[in-house]
Each structure stands twice: as structure tokens, then as C-alpha cells.
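Participant: from the sequence below, what's the structure:
(chains A and B)
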Amino acid sequence: MHISLETFLILAIILTGFVGLATAKNIIRSIICLNITQTGIILLFLSLVFKPGMLPPVMPTPLAAMVDPTPQALVITTIVIGAAITSLALMMSIKIFHHYGTLDWNDLSRREG
Amino acid sequence: MRIAFLSFLLLIVLAIIFSKSTIRAIIMLCVFSIISSLMYYLYQAPDVAMAELAIGAAIVPLIYVISITRQKKYIVIDNTKDRFLDQGMAGYMFLSHFCKKQNLDMVIMREIPEDESFLFSRKDIDLIVERDTRMPGTSASYHVKPTDRRYLFKGSRSSYIFNDLQKQLQIESCTFARAVSIEEGETHD
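Facilitator: The predicted structure follows:
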């Protein structure tokens, strides 16, 4: 299977987000890495249907010349839901900080045990 | 052109992961969102680009900054009706020293209205300071002379910051106040 350089870079962005999620010490860092992974997945969806020379899916364009609008319609929901998830996670982090007095993953697991 | 922007995005992601300060990571996340919205436009998805520019580059970093400033606040309700928590007094000195040690910003709220529904509606209160009308050992409550007034620090039992406050009270062997922990689920009054 041939993977173009663009797809490789996008996959690298997604995987770097995952690595950051796994190695982050701070809760806020983890939420940032979640955002990065989400953006990478959106880029992957959009790059799958794109071929050079195509036009945006606006009505006067002939059907053969426009990109497939289905992934775009799916992805625009992802952005909004990502913002909602981010705000919910940050709210939880505020509660955790007021309860435990720290946002460090290691300190948190030590305080629970 | 697309490959150049994608490589730049990858560089920004690496910079976010290896950055030391959180606020710098948030600013770089904002730049990351702007560049990625440009990338969506180059992929012929202008509607997604508009949504990302509005939500990802403006609202999400704003939420991050607001939450970072909010979580450093340690909200203290002053219910003593005297000058115990004024600047330079013993209670203020103790609490500000404690908050500086815990890396918190103390916010003292006064002039609370008489109705207690105000206290019930606010769940983010960390500490309530009250006048102690009851001496240890006796059950009857009576009025204490103003010279040997004692004070109560009320906080949630499960909160680790409040446990640190109790330890700090014991270490400094403060006579002017004692800490009372309240079970979770009970109201703070």
C-alpha cells in the first residue's frame, strides 16, 4: 500500500499527539494533546477525499470537479464536540485541583493510594 | 505548499510537547489551530476552516486561559463580621502565608447576604472562617470576650488542601483558630 508524504505527515501528527497524551505529566498537557490528536484526525479525513485541482463543494461547481462533501460535513461536528469535551475536561481539572491541590498525574496517584 | 504547512504543524506539535510552561503551550496550540484551519482551506473545505478559526483558534484557548486563572483561586468566605481577616491581622497573615506556600491566589469574599441560599448555590467555596462561640469541653454556647476570641476554619473533609491547612495549624500551634472539617455532601454552613 502506497502512503503519500502528506498522509505520512498527518499520521505523524496524530501519533505525536498520542505520545504526548501518554507521557504528559500535567492534566492540562493531556487535554492539549487530545486537541492535537483531534485536529490530526480531521486533517486525515479531509486529505482522503482531496485530489489536486479539485474545487470546494459549492453549488455552481459541476459534480465531477468538486471534492466529496460527506467527510467535511462529518468533521464540522467533530470541531464543535471537541470544544465541548475540552471545556468539560478543564472543568473537571479545576475540581481535581481544588480537591487534591495538584494537577500532576504522579502526585495524584500517590495521594489516592 | 501543503507539505510545507504540514511539516510546520508537526514542528509546532513537537514544540508543544517539549515546552516547559503550560501557558506557552496554549499559545502554540492557538497557532496550531490557525495553521490547521489554513490547511483545511487548502483541502477545499472552507466551511470547516471557518468553524476551526472561530472555535479552535479563539474560543478553546480562551477556555484554557480562564480555567488556569480560575483553578489558582482559593475562595475564602469571611463570616466573622470583625477585622480578623483584614490585612495585617493574624488570620490574614496565616492564610496568605499558607496560600503562598501552596501556590494559590487567596480571594476573600465579604459582605455575604444574610440568606443562606447564596452559600448553597455556590459550590466552589474552599474555606469558611467563622467566629467560634463554643469553648472546647463545654457544650453551652456563650459570648466570648473580644480579647480571647477564637475562630473556626471550616472546610471539606475530603479536600487535601484543607488537610494541609489543618497540619499547618498544628505545626504553627496556633491558638487563635481551630479547623473543623465538614463531611462531603453536607452544605458548608
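
Participant: if I pick residue B:30, what's in contact with it?
Facilitator: B:57, B:61 (C-beta atoms under 8 Å, 6 or more residues apart in numbering or on different chains). Where C-beta positions appear, they are placed from N, C-alpha and C, glycine not excepted.

Participant: and it, that's in a helix?
Facilitator: Yes. Per DSSP: H, G, I helix; E, B strand; the rest coil, residue B:30 lies within a helix segment.

Participant: and residue A:77, how many neighbours?
Facilitator: Neighbour count for residue A:77, taken as other C-beta atoms under 10 Å in any protein chain shown: 10.

Participant: from residue A:110, how far off is it?
Facilitator: Using C-beta to C-beta, to the nearest Å, residue A:77 is found at 39 Å from residue A:110.

Participant: again with residue A:45
Facilitator: From residue A:45 to residue A:110 the distance is 40 Å (C-beta to C-beta).

Participant: and these two? which has more neighbours close in?
Facilitator: residue A:45 (20 against 10).

Participant: once you drop chain neighbours, what's closest to that one?
Facilitator: residue A:71 (4.4 Å; C-beta to C-beta, 6 or more residues apart in numbering or on different chains).

Participant: what of residue B:125?
Facilitator: residue B:75 (5.2 Å).

Participant: name the residues linked to that neighbour by a beta bridge.
Facilitator: Taking DSSP bridges as the rule, residue B:75 bridges to residue B:107.

Participant: number of nearby residues for it?
Facilitator: The number of residues near residue B:75, taken as other C-beta under 10 Å, comes to 17.

Participant: so it sits right up against residue B:128, yeah?
Facilitator: No. Assessed by C-beta atoms under 8 Å, residue B:75 is found out of contact with residue B:128, at 9.6 Å.

Participant: would you tell me which helix is longest in chain A?
Facilitator: helix A:69-100 (DSSP state H).

Participant: mind listing what's buried along whatever helix or strand comes next after it?
Facilitator: Downstream of helix A:69-100, the first helix or strand assigned by DSSP states H and E is helix A:105-112. The neighbour-count check on helix A:105-112 (16 or more other C-beta atoms under 10 Å in any protein chain shown) flags residue A:108 as buried.

Participant: ok, the closest residue to residue B:64 other than its chain neighbours - contacts?
Facilitator: Leaving aside its chain neighbours, residue B:64 sits nearest to residue B:26 (4.7 Å; criterion: C-beta to C-beta, 6+ apart). Residue B:26 makes contacts with A:32, B:61, B:64, B:65, B:68, as judged by C-beta under 8 Å, 6+ apart.
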